[in-house]
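# okay, predicted coordinates and the sequence, questions at the end:
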Amino acid sequence: MSILSNKKKVFHVALRGESILTNPHFNKGTAFTINERKQFGLVGRLPYQVNTLDEQCQRAYDQLLSRDTPLRKNSFLQSLKEQNSVLFYQLILRHLKELMPIVYTPTEADAIANYSHLFRRSEGLYLTLDNQDSMEEDFLEQIRGRDIDLIVCSDAEAILGIGDQGVGISTAKSAIYTLLAGIDPMKSLPVVLDVGTDNETLLTDLVYVGWRHERVRGEAYDQFVDKFIQLVRKHLPHSLLHFEDFGVTNAQRLLELYRDKHAVFNDDIQGTGAVTLAAVMSAVGVTKSTLAEQRYIIYGAGSAGLGIARQLRDGIVQIDGISVDEANERFYLIDKHGLIKESLGDLIRPMLREFVRSDKEWEGIPTNDKGEIALLEVVKKIRPTVLIGSSTNAGAFTEEVVREMAKGVDRPIILPLSNPSRLVEVDPAKANEWTNGKALLATGSPFPPARMPTGKDYIIAECNNALIYPGLGFGAVLAKARSLSDSMILAGAQRLASLSPALKDPDDALLPDFSDAPSVNFEIAIAVAEKAIAEGTSNVDWGGEEVRARGKEMQWLPIYGEYVYDENGEC
Ligand SMILES: NC(=O)c1ccc[n+]([C@@H]2O[C@H](COP(=O)([O-])OP(=O)(O)OC[C@H]3O[C@@H](n4cnc5c(N)ncnc54)[C@H](O)[C@@H]3O)[C@@H](O)[C@H]2O)c1
Ligand SMILES: O=C(O)C[C@H](O)C(=O)O
Ligand SMILES: [Mn+2]
């Protein structure tokens with residue numbers, strides 16, 4: 001158990017003086033007690049007053065408020081994390097709703113785009129293709145003495161909707177695991193897989209910190225990623241490996257390649273699919289219909305779009321008991337080349353095969369000069385009840401599209417999920433206005449409530465995978481699961497849907513509020529661990545009531561323990 005766990009009251013620490021003050025996992029700053037100051041050689045290194053964590057939070061919060069832009073606030077918090085991780089997590093938890101958009105979407109997108117300019121201190125493991133000869137040594141050096149449960153890795157090719165960023169994202173996603181699920185920060189490892197970048201702005205930026213090289217693809221890329229995954233399997237066989245923001249040509253492929261070999265999870269595919277299923281379950285609860293009764297348009301058929309289509313389809317099959325083929329019939333996927341239909345031929349990625357529409361069905365429908373069928377035409381013909389955006393194409397759900405959709409259904413379910421906020425397919429306030437308050441809405445990034453014709457506010461649920469992935473991962477780690485199976489993910493999504501405010505009040509949000517994200521993710525984790533135990537993929541010899549108690553016990557919370565100097569202790 002790590003030094004930071006509040007479950008252990010007294011910690012034996014081997015660090016002294018400067019080295020304890022400069023280690024964010026051990027540092028307490030002015031909260032070191034008089035007794036600790038004497039033992040650790042800190043009396044002369046700290047000002048006289050001993051502060052409580054409350055007082056430290058107040059001071060840090062005041063300092064934060066003096067930063068005038070979200071990006072400056074993000075930088076401040078990043079520095080705080082590098083100084084004192086208990087204080088960092090405690091401060092954010094106290095102001096979760098206010099600070100999530102600073103450490104996560106949308107501000108995180110700006111922080112990543114400016115990574116090299118804002119860079120102060122390294123964090124996690126940087127594996128660069130150019131240095132792959134020493135990969136095992138570098139890997140072992142970084143995890144030395146640590147019992148890692150969770151690894152978050154990214155090659156940064158498709159960061160949110162802002163594309164190829166060279167380095168960045170794993171640390172932000174990893175911090176959310178700690179914040180919202182209680183994964184011990186000492187037990188998680190953010191990894192950058194730097195295979196170069198095709199982003200010209202970065203390549204010509206003098207202060208770019210990544211590998212200045214075109215993005216390596218093909219066999220060399222596969223070998224590099226494989227080398228990393230084999231190291232994870234060899235040295236951390238019981239860990240969960242989370243993939244984030246890989247490009248569309250690699251995301252699904254890597255997931256398929258490794259899912260039988262290690263506990264792997266792709267957040268953009270599976271996490272997004274799961275949170276979206278929960279939102280749609282909640283919406284069909286409001287309209288008193290079923291998942292199977294809907295007609296779905298998924299606009300943007302990349303990693304997220306495919307994950308959403310598959311998860312919704314699997315949800316229909318499991319929950320409503322119809323066949324896979326019948327369920328597939330309910331989906332219309334649209335990508336850069338318009339509706340995904342047979343005649344697109346090689347332009348259709350193999351993974352999308354099961355959702356391809358026949359040309360015959362679309363005979364006589366207007367196309368552009370390339371024979372492509374646009375969103376509006378699809379809306380007119382199929383009269384969708386659910387419209388989901390995962391395209392990065394800001395504003396694609398135009399007034400005409402939304403009004404057309406509203407002609408065919410009383411309560412249109414519209415989920416523009418692209419991040420960050422500026423890439424949203426439709427501003428939810430506009431969708432609300434154009435449908436006279438009838439639309440059931442959720443977005444990927446936070447948006448303010450929309451004013452209903454009645455004068456009441458309609459809360460826009462945040463349908464972001466962070467509402468579910470920390471719980472999915474924590475549940476898998478808790479149950480020591482050999483894999484994060486589809487049924488475990490479905491169990492998590494169903495638990496999330498059951499917590500939806502709209503279940504109790506149809507005018508309320510489709511998903512729980514992010515201020516409740518820690519308790520919501522805990523419930524998801526319990527459902528996931530219970531499922532793993534029930535289906536025999538777990539490696540624990542307990543179950544039933546004990547799952548919840550074990551979950552509580554495993555959770556790391558940002559509270560200081562008492563330190564005793566011990567030269568054989570932890571460091
Ligand atoms: N809310 C969430 O939890 C969540 C989760 C994952 C991704 N996302 C967001 O979804 C978006 C896509 O992410 P991704 O990982 O799937 O990226 P991706 O690159 O894998 O997919 C984007 C897809 O959109 C298509 N596209 C681009 N322009 C289009 C257009 N004009 N019309 C139709 N399709 C178009 C692309 O061809 C591609 O297939 C991003 O903005 C991302 O932030 C949100
Ligand atoms: O990072 C997020 O906010 C969600 C998602 O994983 C994304 O790629 O947009
Ligand atoms: Mn992502």
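Received it, and whenever you're ready, just let me know what you need. Ligands and ions are numbered 1, 2, ... in the order given.
# so how many other residues sit close to the closest residue to ligand 1 within the stretch 251-400 of the chain?
Proximity of the stretch 251-400 of the chain to ligand 1 (C-beta to the nearest ligand atom) peaks at G302, 1.7 Å away. All C-beta spots, glycine's among them, are computed from the backbone N, C-alpha and C. Neighbour count for G302, taken as other C-beta atoms under 10 Å: 22.
# can you name the residue of the stretch 1-150 of the chain nearest to ligand 3?
Closest contact between the stretch 1-150 of the chain and ligand 3, by C-beta to the ion, is at T105 (8.9 Å).
# can you list contacts of stretch 91-103?
57, 60-61, 64, 70, 73-74, 77, 80, 107, 172, 175-176, 179, 445-446, 466, 513-515, 517-518, 558 (C-beta atoms under 8 Å, 6 or more residues apart in numbering).
# report the rounded mean pLDDT for that stretch.
The pLDDT scores in stretch 91-103 average 98.
# tell me which residues of it are tucked away?
91-93, 96, 99-103 (16 or more other C-beta atoms under 10 Å).
# what is C153 paired to in the beta sheet?
Beta-bridge pairing of C153 under DSSP bridges involves V191, F243.
# right, and it touches S170 too?
Yes. Using C-beta atoms under 8 Å, C153 is in contact with S170, at 6.0 Å.
# overlap of the contact sets of those two?
In contact with both C153 and S170: 190-192, 244, using C-beta under 8 Å, 6+ apart.
# neighbour-wise, which one of the residues you listed leads?
E244 (27 neighbours).
# so A442 sits against N464, correct?
No. The pair A442 / N464 is not scored as a contact, 9.1 Å apart, by C-beta under 8 Å.
# shared neighbours of these two, anything?
L417.
# give the closest residue to P106 in space, chain neighbours not counted.
Spatial nearest neighbour of P106, excluding adjacent residues (C-beta to C-beta, 6 or more residues apart in numbering): P420 at 3.4 Å.
# now the one you found: phi and psi?
Here the main-chain torsion angles of P420 (degrees, to the nearest 10) amount to phi -70, psi -170.
# ok, now how distant is it from ligand 3?
11 Å (C-beta to the ion, to the nearest Å).
# how far away from the center of its chain is the least confident helix or strand in the chain by mean pLDDT?
Across the helices and strands of the chain, mean confidence by mean pLDDT, DSSP states H and E is lowest for strand 10-13: a mean of 92. Offset of strand 10-13 from its chain centre (C-alpha atoms, centre = their mean, to the nearest Å): 33 Å.
# hang on, L499 packs against D513?
No. Contact status for L499 versus D513: not in contact, 10.4 Å apart, counting by C-beta under 8 Å.
# near ligand 1, which residues of the stretch 451-571 of the chain show up?
Within the stretch 451-571 of the chain, the positions adjacent to ligand 1 are 463-465 by C-beta under 6 Å from any ligand atom.
# reformat the residues you listed as TSV; add neighbour count and secondary structure.
Below are those laid out as TSV (neighbours: other C-beta atoms under 10 Å; DSSP: H, G, I helix; E, B strand; the rest coil):
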residue	neighbour count	secondary structure
C463	26	coil
N464	26	coil
N465	26	helix
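# how about the residues of the stretch 1-150 of the chain by ligand 2?
104-105.
# could I get the full set of strands for the stretch 1-150 of the chain?
In the stretch 1-150 of the chain, the segments counted as strands under DSSP state E, counting those that start in this stretch are 10-13, 125-128, 150-154.
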